[in-house]
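# 3D, please:
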Amino acid sequence: MFDAFLSLGTGSKKNSFEARKERANFLIEELTANIFFKQLAVQTSVNLIAKTLARCEFKTFEKGKVQKGELYYSLNIQPNQNQSKTAFLNDLVSQLVYSDEGALVVQTDDMQLLVADAYQRNKHAVVPNSYEFVEVNSYTFKRIFFEKDVLFLELNNKQIRTTIDGLYDSYGKLISGSIKNYNRKNARKLVLKIGALFDQEFGKYENDEDEANDVTEGDKRIDDLMNNRFKNFFAEGDSVVTLEEGLGLDDFSNSDTKNQSTSRDIRAAVDDVIDLVAMAFHIPRGLLKGDVADIGQMTNNFLTFCINPIIEQIENELNRKMFTKEEYLAGNRIKISTDRIKSFDLKDVAGSMEVFVRIGAFSVNDVLEFLGKERIDEAWADEHIITKNYAEIEKYLKGGDEE
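Down below sits the predicted model:
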């Protein structure tokens, strides 16, 4: 699409209100575009973290043994009657990033977990904190929640959103400047020349009202040229425009391809914003952009520096709120497993699985569960075996065979 810049010696007189309105609309569109660039980077990070957490399994233990009951179902399938685990975690991570305080999860009387959209946190020193005016999906709870009734999570760097906003203040201007530079260098620039013959032919007033408003027949013809006839001229298809005698067009568009700007300049500035946001969230930049080179190492770094700290915080908060001290020490706990986050080919892990079975670390059912397959309902599938190549070190030191 071409933008026409027409330099007029005399011509249409634009209403000052309309000019201010057009300028305001331009500024609003520019601001909206800049906000979208930032939201793209932040929301992509939020979605990546939420989807990764959704692949984790929340394992529940009772006296040190894995148990699957109501709590397991709530944490892994349906935290509340209106949300799946994935939708719940997406809301949780969004609140974790966008909320100035942190993410608040409340538990209702019927054991449903809900992510609060808004709340008031009352901090105390020697008594439990309290939470008032808790709002979820436009519903405000009348009760007051205390620390034992909620899960409260916050980023290690509480100022991450402020930091991102501050960084973007500068890069937003850079992106805006790149867009303006692109439009300026690649726009169609024409000069409309108005000769003396045109003024002589159309410089008269058609009626008394036009004379009072100082609008000549030539002004009307130029308005028609600008507002109507040039529309087809700047369209994508072939077109022809007619000019009155005394009018002429000179093209001052930038024909030098070396000095023309490309959209890559804008993309480079947007990439810088994505890189900065990735740095703030400790996400490898290539992973956020969808690069496939060295995906294994990037995934490892992502889990180590971004996901694991969040998992540890969620795990600690669940254990200290869901269980008493005595219950936790007795082996009742929640452990978040990241084994299913990575995708792998069966051939890549076959050797490792065989080793785990050979040394007695995994049973057959443990291997099947790790691979996401159905368990075998047989007693032998739960047995742990070990090869005869392994024995206690004391037997090796004796140097002989014994019954």
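
# By mean pLDDT, flag the weakest helix or strand of this protein.
Here the helix or strand of the chain ranked lowest by mean pLDDT, DSSP states H and E is strand 4-7, holding a mean of 38.

# Flag the shaky bits of the stretch 301-403 of the chain, pLDDT-wise.
Scanning the stretch 301-403 of the chain with the threshold set as pLDDT under 70 gives 391, 393-403.

# One more: the chain?
Those would be 1-38, 156-188, 232, 234-242, 251-269, 391, 393-403, if you go by pLDDT under 70 across the chain.

# quick one: the strands in it?
Using DSSP state E, the strands of the chain run over 4-7, 57-62, 65-66, 103-107, 113-115, 118-122, 130-136, 139-140, 145-146, 150-153, 188-194, 247-251, 333-337.

# Let me know which of those is the nearest to Gly218.
Closest to Gly218 of these, according to C-beta to C-beta: strand 188-194, at 7.9 Å. Where you see a C-beta, it was placed from the backbone N, CA and C, and this is true even at glycine.

# helices or strands up against that closest one?
strand 4-7, helix 217-224, strand 247-251 (3 or more C-beta pairs under 8 Å, 6 or more residues apart in numbering; DSSP states H and E).

# Parallel or antiparallel, list what pairs with it.
strand 4-7 (parallel), strand 247-251 (antiparallel) (DSSP bridges).

# Buried residues of it, list them for me.
Of all the residues in strand 188-194, those buried under the rule 16 or more other C-beta atoms under 10 Å are 189-190, 192, 194.

# Gly218 reaches Asp199, doesn't it?
Yes: here Gly218 reaches Asp199: they are 6.6 Å apart, a contact under C-beta atoms under 8 Å.

# So between these two, which is more surrounded?
Gly218 (21 against 15; other C-beta atoms under 10 Å).

# rewinding a little: do you know which of the strands of the chain lies nearest Leu287?
Closest approach to Leu287 among the strands of the chain is made by strand 333-337 (20.5 Å; C-beta to C-beta).

# From the rest of the structure, what touches the closest one?
Contacts to strand 333-337, defined as C-beta atoms under 8 Å, 6 or more residues apart in numbering, come from residues 56-61, 71, 75, 311, 314-315, 318-319, 322-323.

# Would you map the helices across the stretch 301-403 of the chain?
Under the criterion DSSP state H, counting those that start in this stretch, the stretch 301-403 of the chain contains helices at 308-322, 325-329, 346-358, 364-370, 393-398.

# how about JSON lines for these, with distance to Ala293 added?
As requested, the helices of the stretch 301-403 of the chain are exported to JSON lines (distance: least, C-beta to C-beta, whole Å):
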{"stretch": "helix 308-322", "distance to Ala293": "23"}
{"stretch": "helix 325-329", "distance to Ala293": "43"}
{"stretch": "helix 346-358", "distance to Ala293": "18"}
{"stretch": "helix 364-370", "distance to Ala293": "28"}
{"stretch": "helix 393-398", "distance to Ala293": "45"}
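
# which one of the helices and strands packed on strand 188-194 lies closest to Asp117?
Of all the helices and strands packed on strand 188-194, strand 4-7 sits nearest to Asp117, with 47.4 Å by C-beta to C-beta.

# Relative to Asn213, how far out is Gly351?
Using C-beta to C-beta, to the nearest Å, Gly351 is found at 89 Å from Asn213.

# should've said Gly64
Taken as C-beta to C-beta, the span from Gly64 to Asn213 is 91 Å.

# got a list of what Asp91 touches?
By C-beta under 8 Å, 6+ apart, Asp91 lies in contact with 83, 115.

# quick one on the thing from earlier: list only those of the contacts of strand 333-337 flagged as buried.
Neighbour counting over the contacts of strand 333-337 (16+ other C-beta under 10 Å) leaves 56-61, 71, 75, 311, 314-315, 318, 322-323 as the buried ones.

# ok, so of the residues you listed, who is nearest Phe233?
Distance to Phe233, by C-beta to C-beta, is smallest for Cys56 among the buried ones among the contacts of strand 333-337, at 59.6 Å.

# isn't that closest one right up against Glu315?
No: between Cys56 and Glu315 there is no contact under C-beta under 8 Å: 9.8 Å.

# Which parts of the stretch 51-200 of the chain are helices?
Counting by DSSP H, counting those that start in this stretch, the stretch 51-200 of the chain has helices at residues 70-76, 85-98, 160-186, 196-202.

# Quick check: the gap between the residue most central in space within the chain and Ile49.
Geometric centre of the chain, nearest residue: Gln43, 1.5 Å, by C-alpha atoms, centre = their mean. Relative to Ile49, Gln43 is positioned 11 Å away (C-beta to C-beta).

# One more: Gln200?
72 Å.

# quick one: which of those two has more around it?
Neighbour comparison, Gln200 and Ile49: the larger count goes to Ile49, with 23 against 12 (by other C-beta under 10 Å).

# Excluding covalently adjacent residues, which one is nearest to that one?
Nearest residue to Ile49, sequence neighbours excluded (C-beta to C-beta, 6 or more residues apart in numbering): Val93, at 5.1 Å.

# For the residue nearest to Lys65 when sequence neighbours are not counted, grab phi and psi.
Spatially, and ignoring its direct neighbours in sequence, Lys65 is nearest to Gly331 (7.5 Å; C-beta to C-beta, 6+ apart). Here is the backbone geometry of Gly331 (degrees, to the nearest 10): phi 110, psi 10.
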